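Trainee: Below are the sequence and a predicted model; questions follow.
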Amino acid sequence: TDYFLAHVPDGQEATILAGELAEGGWVHPRLALERWRAGHETIAAPILWTLIALAEGGDDLAARLAEAPRRAAAPARRIELKWGIVLHPMKTRPLPPATHTNAYLVGESEMALIDPGSGEAEELESLFELIDALRADGRRPRIILLTHDHPDHLGGLEAVRARYRLPVAAHAETARHVRVDLVLKDGDWIPLVPGAGDWNLRALHTPGHARGHLCFLHPRTRSLFTGDHIPGGGGTVIIDPPEGDMSAYLRSLERLLSEPVETLFPGHGAPQGAAERRIRGLIRHRLEREAQVAQALTPEPASLRELVARAYTDTPPALWGYAERSLLAHLIKLEAEGRAQRAGEGWRRP
């Protein structure tokens with residue numbers, strides 16, 4: 001992405017790209033930063049550091065703008081899209097096409113660390129540098145929160161627990177696989193000391209991808225930390241039976257529509273706004289896929305391999321092995337509704 005800085009005459013009117021932006025207008029850099037610190041705005045890192053440079057004045061502006069990448073990485077790389085919400089991507093081994101898992105540090109004087117995903121020494125050292133830099137600013141971690149028990153979301157758990165002596169909180173299903181200090185259920189609050197405003201987080205049980213999957217909601221900033229429930233970008237997550245459950249996944253998506261969510265902070269990929277549009281899009285996609293799966297069934301039994309070729313024509317064949325798992329989840333849902341029937345190793349229309 002290219003960014004341009006231009007001096008324009010007085011009286012110019014701001015316009016927006018329909019479909020990409022919700023609204024637009026002129027704003028003084030200092031006012032924009034005040035709104036960011038109050039939690040009212042989400043600002044991408046390049047724009048944030050541009051606003052900081054502009055707020056500092058016009059002298060040597062070009063040179064200070066060029067210094068933004070170095071300033072953003074000193075003393076540790078800090079991606080703070082909302083004030084008090086620091087994203088830290090860690091190289092992990094998730095399912096393709098993802099290559100990283102996002103850890104998040106949420107709060108001010110007290111922070112919750114969500115999903116320290118990598119146990120690799122270099123990745124951990126980078127996370128420790130960030131945490132120690134935040135501690136120097138008076139912001140210390142208080143608790144580790146886990147969205148679920150998959151390895152790419154807790155690979156660094158024991159190293160972080162040992163270094164900072166932090167308690168770990170997760171759902172009871174996650175606690176069957178990982179040692180936790182606090183079991184969370186749907187609706188539980190995780191209290192954090194207030195700063196610019198309230199920082200308490202609420203746990204939302206969102207099964208579907210994993211039985212014990214939790215999302216964490218920060219109501220004041222309308223931010224939802226989604227783990228694997230909602231990936232970044234326009235992609236979808238694999239629903240892999242028996243732990244994965246398509247009916248539960250759709251119910252979990254539906255319940256999020258009643259929550260005060262504006263910005264999604266996923267476990268993989270970039271954060272995004274327009275949360276309701278994204279959630280409704282995922283529901284629509286799953287139901288459209290379900291219709292394709294139902295249409296692919298015939299009175300004659302067919303294997304998963306045969307059905308995936310019929311129902312996933314828009315998916316590259318190299319990914320059909322992964323698609324088969326979500327296909328099976330759709331078939332199990334259809335079976336429960338009386339719309340699909342097992343026939344030995346295959347599936348058919350009843």
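Mentor: Structure's in. What do you need?

Trainee: Now do the helices in the stretch 101-250 of the chain.
Mentor: Taking DSSP state H, counting those that start in this stretch as the test, the helices found in the stretch 101-250 of the chain are 121-136, 151-154, 157-164, 172-175, 246-256.

Trainee: And the strands in the stretch 251-350 of the chain?
Mentor: 263-266, 341-343, 346-348 (DSSP state E, counting those that start in this stretch).

Trainee: tell me, which helix in this protein spans the most residues?
Mentor: helix 275-296 (DSSP state H).

Trainee: ok, now which ones touch the nearest residue to residue 88 once chain neighbours are set aside?
Mentor: For residue 88, ignoring the flanking residues on the chain, the nearest one in space by C-beta to C-beta, 6 or more residues apart in numbering is residue 103 at 4.6 Å. For glycine as for every other residue, the C-beta is placed from the backbone atoms N, C-alpha and C. The contact partners of residue 103, by C-beta atoms under 8 Å, 6 or more residues apart in numbering, come to 87, 88, 89, 90, 113, 114, 115, 116, 117, 127, 156.

Trainee: follow-up on the earlier one: could the strands of the stretch 251-350 of the chain go into CSV alongside mean pLDDT and distance to residue 239?
Mentor: Shown next, in CSV, are these (pLDDT from 0 to 100; distance: least, C-beta to C-beta, whole Å):
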stretch, mean pLDDT, distance to residue 239
strand 263-266, 96, 16
strand 341-343, 95, 18
strand 346-348, 97, 16
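
Trainee: can you tell which of the ones you listed is closest to residue 327?
Mentor: strand 346-348 (9.2 Å; C-beta to C-beta).

Trainee: Can you name every helix or strand that that closest one contacts?
Mentor: Other helices and strands packing on strand 346-348, by 3 or more C-beta pairs under 8 Å, 6 or more residues apart in numbering; DSSP states H and E, are helix 304-311.

Trainee: Could you pull out the buried residues of the helix it packs on?
Mentor: Buried residues in helix 304-311, counted by 16 or more other C-beta atoms under 10 Å: 304, 307, 308, 309, 311.

Trainee: Would you agree the first one is in contact with residue 330?
Mentor: No. Counting by C-beta atoms under 8 Å, residue 304 does not reach residue 330; the two are 10.7 Å apart.

Trainee: rewinding a little: now intersect the contacts of residue 103 with the strands, please.
Mentor: Mapping the contacts of residue 103 onto strands (DSSP state E) picks out 87, 88, 89, 90, 113, 114.

Trainee: Select, from these, the two members most distant in space.
Mentor: 89 and 113 (14.0 Å).

Trainee: okay, and for this structure, where does confidence drop off?
Mentor: 1, 3, 19-22 (pLDDT under 70).

Trainee: Tell me who's in contact with the residue nearest to residue 287 when sequence neighbours are not counted.
Mentor: Closest residue in space to residue 287, ignoring its immediate chain neighbours: residue 250 at 7.8 Å, by C-beta to C-beta, 6+ apart. Taking C-beta under 8 Å, 6+ apart, we find residue 250 in contact with 208, 283, 286, 287.
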